[in-house]
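1. Turn this into a model:
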Amino acid sequence: MRRTPAALAVLAVTVTSAFCVLVAPGPPAAAAPATKTATKTGTAAGTVRLTSYNICGNMCSGPTYDAERRIAAVAAETDPGSWGADQLFLQEVCEHQYDALLDRLGPLGYEGFYSATLPAGNPAICEGHAYGNAVLVRGPVSDTADLDLTVGGEREPITVPCALASLSDRPTWSCSVHLYWDDGTLAVPEADRLAEQARKWLDDGFAVVLGGDFNHSPRTATLSRFYLPERGDGAHGSFVEADESDPEFFDPAVCPPASTSACRSGETTFGAKKLDYLFLSAPHFRAASADALPLDTKVSDHNLLRVSATAT
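-> Numbers count the residues shown, from 1 in each chain. The predicted structure follows:
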């Protein structure tokens, strides 16, 4: 969830009618100079572990929050003795926070890609640093793409950083998503643009993982662009959502647990709402499960979401 502070000047956004996908040329990504399944006890072959976290890096900056703890909490997700995340999907990240993570995770073999939605220079935003989203992956990044989903009318650009890297020995496009926080008027066409690009990658033979704060509930039109058609409610996507198979969070009026194996549902990640998701391309992953960790009120207003899945 994004709440623009009053001090934020209205950003003039120039939007073209075509969907712009900017693919970074040359060497990719900055190399980092960086329950159900909540505790890692050993990773089986083919198992992938992912973490998505809206770290609220700008808005959660008052005296009740701990800046160092925020960086430490994200970095700890890569600890091989604990969760050992293969990839991290981060939203609402100040660029200096991203740089701090790269400093810690680079020696561990992680690389990343950062996309700024607000530029540096405004002291009211991120202490003057740029603000945006990031994806970090274990192993080398072979390509990057900065997806511009902005359709016009947003209070800031909606961009999605994506990195191409090997995930369980398969070339995979992994994107950190932060859609617009509205009634869906803008988020739906943004989601269409994201799903369109994902479909192109799938058609080209890549696996795709979309993780982040989609800012809308599971049964909304925005999320219909990603769920598989058999999940109902007009779904027409190509992805398994990591928490869709947990009957503890099924709405029994829609998905009776006794007769339903998957549902557009999941554990809440922002107060009483599920806004955070990890979508994995259905042809490439199975047996996905997710766990929203207890809210760390010193770090963010979102729960950290952990996901495991088996690569097929």
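2. For the residue most central in space within the chain, list each beta-bridge partner.
-> Central residue of the chain (Cα atoms, centre = their mean): residue 212, 2.2 Å from the mean position. Beta-bridge partners recorded for residue 212 (DSSP bridges): residue 177, residue 277.
3. so what's it up against?
-> Counting by Cβ atoms under 8 Å, 6 or more residues apart in numbering, residue 212 makes contact with 52, 54, 89, 91, 133, 160, 175-179, 276-277. No exception for glycine: its C-beta is placed from N, CA and C like everyone else's.
4. do residue 121 as well
-> Residue 121 makes contact with residue 128, according to Cβ under 8 Å, 6+ apart.
5. Tell me which helix or strand it sits in.
-> Under DSSP states H and E, no helix or strand contains residue 121.
6. okay, it: pLDDT?
-> We have a pLDDT of 98 for residue 121.
7. With residue 103 as the reference, measure out to residue 75.
-> Distance check for residue 75 against residue 103: by Cβ to Cβ, to the nearest Å, it reads 10 Å.
8. With residue 146 instead?
-> Distance of residue 146 to residue 103, given as Cβ to Cβ: 22 Å.
9. which one of the two has more residues nearby?
-> Taking neighbours as other Cβ atoms under 10 Å, residue 146 and residue 103 compare with residue 146 leading, 18 against 14.
10. Surely the more buried one touches residue 161?
-> Yes - using Cβ atoms under 8 Å, residue 146 is in contact with residue 161, at 6.0 Å.
11. what's the overlap in contacts for the two?
-> In contact with both residue 146 and residue 161: 113, 115, using Cβ under 8 Å, 6+ apart.
12. Could you identify the longest helix within the chain?
-> Secondary structure of the chain per DSSP state H: the longest helix is helix 187-203.
13. tell me how far it is from the chain's mean position?
-> 15 Å (Cα atoms, centre = their mean, to the nearest Å).
14. again, but for stretch 68-78
-> For stretch 68-78, the separation from the chain centroid amounts to 16 Å (computed by Cα atoms, centre = their mean).
15. Equivalent analysis for stretch 158-168, please.
-> 10 Å.
16. repeat for stretch 209-217
-> 6 Å.
17. Ignoring the adjacent residues along the chain, who's closest to residue 65?
-> residue 298 (5.9 Å; Cβ to Cβ, 6 or more residues apart in numbering).
18. So the one you found versus residue 60, what's the distance?
-> The separation that residue 298 has from residue 60, given Cβ to Cβ, amounts to 9 Å.
19. What's the separation between the residue in the chain sticking out farthest from the centre and residue 235?
-> In the chain, residue 258 marks the outermost C-alpha relative to the chain mean, sitting 30.9 Å out by Cα atoms, centre = their mean. Taking Cβ to Cβ as the criterion, residue 258 is separated from residue 235 by 22 Å.
20. for residue 176, same thing?
-> From residue 176 to residue 235 the distance is 22 Å (Cβ to Cβ).
21. try residue 95
-> For residue 95, the distance to residue 235 - Cβ to Cβ - is 35 Å.
22. Mutual contacts of residue 298 and residue 60, please.
-> Contact with both residue 298 and residue 60 is made by residues residue 70, according to Cβ under 8 Å, 6+ apart.
23. Tell me which stretches of the stretch 101-250 of the chain form strands.
-> 110-118, 131-138, 141-148, 159-167, 170-178, 207-213, 239-241 (DSSP state E, counting those that start in this stretch).
24. Show me the one of these that comes nearest residue 224.
-> strand 239-241 (11.3 Å; Cβ to Cβ).
25. More neighbours: which of residue 298 and residue 60?
-> Taking residue 298 and residue 60 together and counting by other Cβ under 10 Å, residue 60 has the greater number of neighbours (20 against 14).
26. Which residues are in contact with the more buried one?
-> Contacts of residue 60 by Cβ under 8 Å, 6+ apart are 70, 299-301.
27. repeat that with 7 Å
-> Contacts for residue 60 (Cβ atoms under 7 Å, 6 or more residues apart in numbering) come out as 300-301.
28. which residue packs closest to residue 215, ignoring adjacent ones?
-> Closest residue in space to residue 215, ignoring its immediate chain neighbours: residue 181 at 4.5 Å, by Cβ to Cβ, 6+ apart.
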